[in-house]
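[1] give the three-dimensional model of this entry:
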Amino acid sequence: MTDVIVRSSPLEPAAQPLLDGLVAEYDGRYGAVNRPGGARAEILRYPAEAYRPPLGDFLLVVRDGETIAGGAFMSHDDVTVELKRIWTRPDLRRQGLAKRVVQALEDSALWLGYTRAYLTTGFRQPEATALYASLGYRPLFDGAADPLLYRSLPFEKALGSSVGLTTPAYPPAASFEAATARVNALKAEQEQRLLARIAAHQARAA
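    Residues are numbered from 1 along each chain as shown. Just a heads-up that it's a prediction; the model follows:
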């Protein structure tokens, strides 16, 4: 039994177990409430170019030819990446695979010159919240507040020797609906910034 970490893409067949697993998990936990198209539409929201160096990466853990875990990141700006699509096959959880994936993603981001990692996890994923806290990620939310009032729980971590992160924590929204609107607005802003970075990178490479 040998585990190998390989670079992939959401367009490759090897990535489909990860994508299908995330869709099943997210739809099972959250349904399609306030999420047009369900989890698959959200997971495929960003172009594959977002997950290619130097703007991102997409890594899979492959065991005996089968994809058993993986994750990705994409660039927010010249120093920050956002970790995405962290997944482990359900029957293989609690074996340290997610930690290995996150470490590999951090190493890749650091090698590409990034010094800050950002991520979010859903309000119905306490095990993910615990995982990221155990890996040194700083919560950007009030842990004493109802997670429903955030909907999406943000974290950050300095990479390498970078220190002194001072991003203020977000206050809880007034309601779940207000939290949803805030998350949607933030994602739209991040998406536009990402698309601009992809376009600029493609223009430089042309």
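
[2] residue with max distance from the center of the chain?
    Distance from the C-alpha centroid of the chain, by CA atoms, centre = their mean, peaks at residue 206 (28.9 Å).

[3] correct me if wrong: residue 147 contacts residue 139.
    No: contact criterion CB atoms under 8 Å: residue 147 and residue 139 do not qualify, at 10.7 Å. Yep, even glycine has a C-beta here, placed from its N, CA and C like the rest.

[4] neighbour count: those two, which is higher?
    residue 147 (20 against 16; other CB atoms under 10 Å).

[5] any idea how far that one lies from residue 125?
    Per CB to CB, to the nearest Å, residue 147 is found 9 Å from residue 125.

[6] do the same with residue 101
    Applying CB to CB, the value for residue 101 to residue 125 is 15 Å.

[7] give me the more crowded residue out of the two.
    residue 101 (23 against 17).

[8] tell me how far the ends of stretch 74-91 are from each other?
    From its first residue to its last, stretch 74-91 covers 28 Å (CA to CA, to the nearest Å).

[9] ditto for stretch 159-169
    Taking CA to CA as the criterion, the two ends of stretch 159-169 lie 19 Å apart.

[10] quick check: buried residues in that stretch?
    For stretch 159-169, the neighbour count (16 or more other CB atoms under 10 Å) marks residue 159 as buried.

[11] next, show the common contact partners of residue 147 and residue 139.
    Common neighbours of residue 147 and residue 139, counting by CB atoms under 8 Å, 6 or more residues apart in numbering, are residue 153.

[12] and residue 18, that one's in a strand?
    No: counting by DSSP: H, G, I helix; E, B strand; the rest coil, residue 18 is located in no strand; its state is helix.

[13] quick one: the strands in the chain?
    3-7, 56-63, 66-75, 80-88, 116-122, 138-139, 152-158 (DSSP state E).

[14] redo these as JSON lines? Include mean pLDDT.
    Shown next, in JSON lines, are the strands of the chain (pLDDT from 0 to 100):
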{"stretch": "strand 3-7", "mean pLDDT": "96"}
{"stretch": "strand 56-63", "mean pLDDT": "97"}
{"stretch": "strand 66-75", "mean pLDDT": "97"}
{"stretch": "strand 80-88", "mean pLDDT": "96"}
{"stretch": "strand 116-122", "mean pLDDT": "95"}
{"stretch": "strand 138-139", "mean pLDDT": "95"}
{"stretch": "strand 152-158", "mean pLDDT": "95"}
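
[15] just name the shakiest helix or strand of the chain by mean pLDDT.
    Ranked by mean pLDDT, DSSP states H and E, the weakest helix or strand in the chain is helix 38-43, scoring a mean of 83.

[16] which other helices and strands contact that helix?
    helix 16-30 (3 or more CB pairs under 8 Å, 6 or more residues apart in numbering; DSSP states H and E).

[17] check the offset of the helix it packs on from the chain's centre.
    14 Å (CA atoms, centre = their mean, to the nearest Å).

[18] what's the burial count for the closest residue to residue 149 other than its chain neighbours?
    Nearest residue to residue 149 in three dimensions, chain neighbours excluded: residue 172, at 3.6 Å (CB to CB, 6 or more residues apart in numbering). Counted by other CB under 10 Å, the residues lying close to residue 172 total 17.
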